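K.L.:
Return a 3D structure for these sequence lines:
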Amino acid sequence: MRRCAISVPANIAEGAARRSKKEFVQFLYIAKGSLSELDTYMELAHQLAYLPDHETVPPIFQLMEEEDRILSGLIRHNA
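P.N.:
Here you go, the predicted structure:
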């Protein structure tokens, strides 16, 4: 889960350092893939009761949804 979470901003940064918008968009898609992978692990951990069923879990899912919308917007803007 940590690897997925770290991969999202790392791929955004790497894509931003590339020379073309096409490469940037490619890395944004990779970041979305890592975010999706993290979402899957979070959902599994929650369903298997590895995560507490507290008030902290829903905001994490909301933050991931927001990040997905931001990435989608960046992709649309740069495609």
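K.L.:
who does the strand or helix carrying residue 34 touch, helix- and strand-wise?
P.N.:
For residue 34, the element it lies in under DSSP states H and E is helix 21-47. Where contact means 3 or more CB pairs under 8 Å, 6 or more residues apart in numbering; DSSP states H and E, helix 21-47 is packed against helix 2-16, helix 57-78. For glycine as for every other residue, the C-beta is placed from the backbone atoms N, C-alpha and C.
K.L.:
mean confidence score for it?
P.N.:
For helix 21-47, mean pLDDT is 95.
K.L.:
So which bits of that helix are buried?
P.N.:
For helix 21-47, the neighbour count (16 or more other CB atoms under 10 Å) marks 24-25, 27-28, 30-32, 34-35, 37-39, 41-42, 46 as buried.
K.L.:
Closest one to residue 12 out of the residues you listed, please.
P.N.:
Closest approach to residue 12 among these (CB to CB): residue 31, at 5.2 Å.
K.L.:
quick one on the thing from earlier: chain center to the helix holding residue 34: distance?
P.N.:
Put simply, helix 21-47 sits 4 Å off its chain's centre (CA atoms, centre = their mean, to the nearest Å).
K.L.:
and it with helix 57-78, angle?
P.N.:
170 degrees (axes from the mean of the first three to the mean of the last three CA atoms, to 10 degrees).
K.L.:
Let me know the angle separating helix 21-47 from helix 2-16.
P.N.:
Using the same axes, to 10 degrees: helix 21-47 against helix 2-16 is 170 degrees.
K.L.:
Is it correct that residue 31 is in contact with residue 74?
P.N.:
No. Contact status for residue 31 versus residue 74: not in contact, 9.0 Å apart, counting by CB atoms under 8 Å.
K.L.:
Please tell me how far residue 66 sits from residue 23.
P.N.:
Residue 66 sits 25 Å away from residue 23, going by CB to CB, to the nearest Å.
K.L.:
same check, this time on residue 29
P.N.:
In terms of CB to CB, residue 29 sits 11 Å off from residue 23.
K.L.:
Enumerate every residue touching the residue most central in space within the chain.
P.N.:
With distances taken as CA atoms, centre = their mean, the residue of the chain nearest its centroid is residue 35 (2.6 Å). Residues in contact with residue 35 (CB atoms under 8 Å, 6 or more residues apart in numbering) are 4, 8, 64, 67, 68, 71.
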